[in-house]
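Student: just a sequence and a predicted model for now, questions to come.
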Amino acid sequence: MPGGQQQSQTGDTGTTPMQQPQTDWQSIADAAASIPNALYVSRADYTDPGGASGRRALCSFIRSHRSCMAAVIAVLISLAAVGLAPLTFILKEEISQLSTTVDVLKRDQYDISTAFDALKRDQDDMGQLSTAFDALKRDQGGMSTAFDALKRDQDDLSTAFDALKRDQDDMRKLSTALDALKRDQDDMRQLSTTVDALKRDQDDMRQLSTAVDALKRDQDDMRQLSTTVDALKRDQDDMRQLSTTVDALKRDLDKERNRTAALGQRLHEMTSCFIGYTTWRGICYKAFNTKMNFSDAAATCGEDGGTLAMPRDAETNAFLISLYRSVRDNTHFWFGLHDQREEGSFEWVDGSALGTYNSWAPGEPSDSGGKEDCVLYSGWPSRKDKWNDVPCDWTFIGDRRNLTTAVQRHSDQPQ
């Protein structure tokens with residue numbers, strides 16, 4: 001029987017009953033203990049993993065107090081049953097305390113129910129937390145995968161960073177090389193300028209070398225000129241000596257001329273040429289206006305006591321030209337020169353060599369046809385009065401009617 005009901009019964013009488021029927025309080029307490037109560041939750045009713053130890057402690061506390069409560073109630077009832085009046089007051093005090101304890105227990109039951117509801121909500125939250133924890137675990141797996149990927153990316157980034165650092169070092173080296181190349185380029189420009197200057201200097205050196213060569217040649221010429229001047233000086237000395245000699249010779253020549261003039265005067269007084277001859281330097285000359293070959297001309301001269309004329313110098317040559325022109329001006333005249341004995345070796349009819357003087361026409365002597373061995377004065381306009389070799393048996397026909405001959409003889413015969 002509850003304590004509250006017992007208190008109300010005792011209060012109604014206002015006295016303590018001395019005799020009460022015997023009540024099996026132990027059975028009542030056991031029956032009360034067996035009634036389901038929300039405060040008494042078994043382990044099967046609530047299986048929150050996080051609050052299992054708390055619930056066991058709470059249930060143990062309640063059960064231990066239930067036994068005490070039941071024992072106390074049983075003791076009180078027993079005392080009341082035996083009619084222990086003195087203990088009634090104590091029992092009331094105990095009942096009051098028990099009622100207070102029950103109130104406390106009720107409040108505790110309410111608090112426990114409230115705590116249980118909170119625990120249930122916490123259990124729901126824990127379920128959500130478990131779901132969230134599972135999600136977090138999955139996220140953790142994903143995060144672990146992402147972390148591994150990030151670690152790999154970090155390794156790749158570290159590798160790339162190291163590569164970039166190496167590239168940066170290479171870029172620094174490249175920048176240094178580029179600066180060096182720029183400096184080299186500037187040096188190359190300066191070198192190109194220097195090379196251009198050297199080329200100009202080389203051209204100047206070539207010109208200078210040419211000038212030096214010219215100067216060397218001039219120096220050689222100067223040496224030769226100096227040698228020539230020295231020779232001229234020596235020649236000048238010789239000329240002075242020669243001039244002295246020439247002056248002496250001139251004086252001697254003047255004396256000889258005077259003597260020759262005197263002798264010529266005496267010779268002219270003593271001798272004279274045949275009629276038709278002209279005297280030149282003490283020799284009688286005549287031009288025959290008769291057609292004949294070289295041998296016939298020589299024979300004609302011989303019959304007249306002379307030979308064909310021999311112009312050994314320019315003065316005699318000019319005299320003979322004027323002589324035959326006085327006879328005929330448009331024909332040829334034989335004179336005493338030939339190479340009949342040896343081709344190319346011309347000699348006079350007296351057997352003497354040609355000497356240094358000659359008056360050959362251009363391209364002569366030609367020995368055309370290998371038969372031109374005798375010489376005459378040409379009457380052709382292109383080579384007029386010049387020496388020309390022709391065949392010795394040559395006589396003229398057509399407009400060349402006559403071939404005249406020039407004869408020379410000494411003027412030692414009377415007229």
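Tutor: Everything's here; your move.

Student: just give me the longest helix of this protein.
Tutor: helix 86-270 (DSSP state H).

Student: quick one: average pLDDT of it?
Tutor: For helix 86-270, the mean per-residue pLDDT is 81.

Student: can you check stretch 340-353 too?
Tutor: 95.

Student: can you list contacts of that stretch?
Tutor: Outside of stretch 340-353, the residues that reach it under the criterion Cβ atoms under 8 Å, 6 or more residues apart in numbering are 298, 307-308, 310, 312, 336-339, 354, 365, 367, 370, 373-375, 392. C-betas here are computed from N, CA, C, even on glycine.

Student: ok, now with 6 Å
Tutor: Thr307, Leu308, Met310, Gly336, Leu337, Asp339, Leu354, Asp373 (Cβ atoms under 6 Å, 6 or more residues apart in numbering).

Student: please check the residues you listed and keep the buried ones.
Tutor: Thr307, Leu308, Met310, Gly336, Leu337, Asp339, Asp373 (16 or more other Cβ atoms under 10 Å).

Student: dig out what the second one forms beta bridges with.
Tutor: For Leu308, the residues forming beta bridges with it (DSSP bridges) are Val407.

Student: care to break the chain down by domain?
Tutor: The record, using automatic domain parsing to delimit domains, assigns the chain the ranges 3-138, 273-410.

Student: format the buried ones among the contacts of stretch 340-353 as CSV; extra columns: secondary structure.
Tutor: Output for those, formatted as CSV (DSSP: H, G, I helix; E, B strand; the rest coil):
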residue, secondary structure
Thr307, strand
Leu308, strand
Met310, coil
Gly336, strand
Leu337, strand
Asp339, coil
Asp373, strand
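
Student: tabulate these (TSV), appending distance to Ala361.
Tutor: Below are the buried ones among the contacts of stretch 340-353 laid out as TSV (distance: Cβ to Cβ, whole Å):
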residue	distance to Ala361
Thr307	23
Leu308	19
Met310	18
Gly336	18
Leu337	13
Asp339	16
Asp373	16
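
Student: out of these, who's nearest Gln202?
Tutor: Gln202 has its nearest neighbour among the buried ones among the contacts of stretch 340-353 in Asp339, at 63.9 Å by Cβ to Cβ.

Student: quick one: residues contacting that closest one.
Tutor: Ser345, Phe346, Asp373.

Student: same question for the helix or strand just after the longest helix of the chain, mean pLDDT?
Tutor: Proceeding N to C from helix 86-270, the next assigned helix or strand is strand 278-280, under DSSP states H and E. On average, the pLDDT along strand 278-280 is 90.

Student: strand 278-280 pairs with which strands?
Tutor: strand 283-288 (antiparallel).

Student: any idea how far the next helix or strand after the strand it pairs with is from the chain center?
Tutor: Per DSSP H and E, the first helix or strand lying C-terminal to strand 283-288 is helix 294-303. Offset of helix 294-303 from its chain centre (Cα atoms, centre = their mean, to the nearest Å): 95 Å.

Student: quick one: helix 294-303 to strand 283-288, angle?
Tutor: Between the axes of helix 294-303 and strand 283-288, defined by axes from the mean of the first three to the mean of the last three Cα atoms, to 10 degrees, the angle is 130 degrees.

Student: elements contacting the longest helix of the chain?
Tutor: helix 3-13 (3 or more Cβ pairs under 6 Å, 6 or more residues apart in numbering; DSSP states H and E).

Student: and the average pLDDT for the helix it packs on is what?
Tutor: 42.

Student: save the contacts of Asp339 as JSON lines, and put in distance to Asp117 too.
Tutor: JSON lines is the format used below for these (distance: Cβ to Cβ, whole Å):
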{"residue": "Ser345", "distance to Asp117": "171"}
{"residue": "Phe346", "distance to Asp117": "172"}
{"residue": "Asp373", "distance to Asp117": "174"}
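
Student: specify which member of those residues is nearest to Met292.
Tutor: Asp373 (16.4 Å).

Student: next one, pLDDT for the closest one please.
Tutor: 95.

Student: so the closest residue to it other than its chain neighbours, which state does it fall into?
Tutor: Leaving aside its sequence neighbours, Asp373 sits nearest to Gln340 (Cβ to Cβ, 6 or more residues apart in numbering; 4.7 Å). Here Gln340 takes the coil state, with states given by three-state DSSP.

Student: go ahead and flag the most central residue of the chain.
Tutor: Met188 (11.2 Å; Cα atoms, centre = their mean).

Student: residues touching it, list them.
Tutor: By Cβ under 6 Å, 6+ apart, Met188 has no neighbours at all.

Student: again, only this time at 10 Å
Tutor: By Cβ atoms under 10 Å, 6 or more residues apart in numbering, the contact list for Met188 reads Leu181, Val195.

Student: and it, how far from Thr131?
Tutor: From Met188 over to Thr131 the distance is 78 Å, taken as Cβ to Cβ, to the nearest Å.

Student: got the buried residues for stretch 69-77?
Tutor: Met69, Ala70, Val72, Ile73, Ala74, Leu76, Ile77.

Student: can you confirm the third one is in a helix?
Tutor: Yes - if the criterion is three-state DSSP, then Val72 is within a helix.

Student: that one against Glu93, yeah?
Tutor: No - with contacts counted by Cβ atoms under 10 Å, Val72 stays clear of Glu93, the gap being 11.7 Å.

Student: how many residues are close by Ala298?
Tutor: Per other Cβ atoms under 10 Å, the neighbour tally for Ala298 reads 22.
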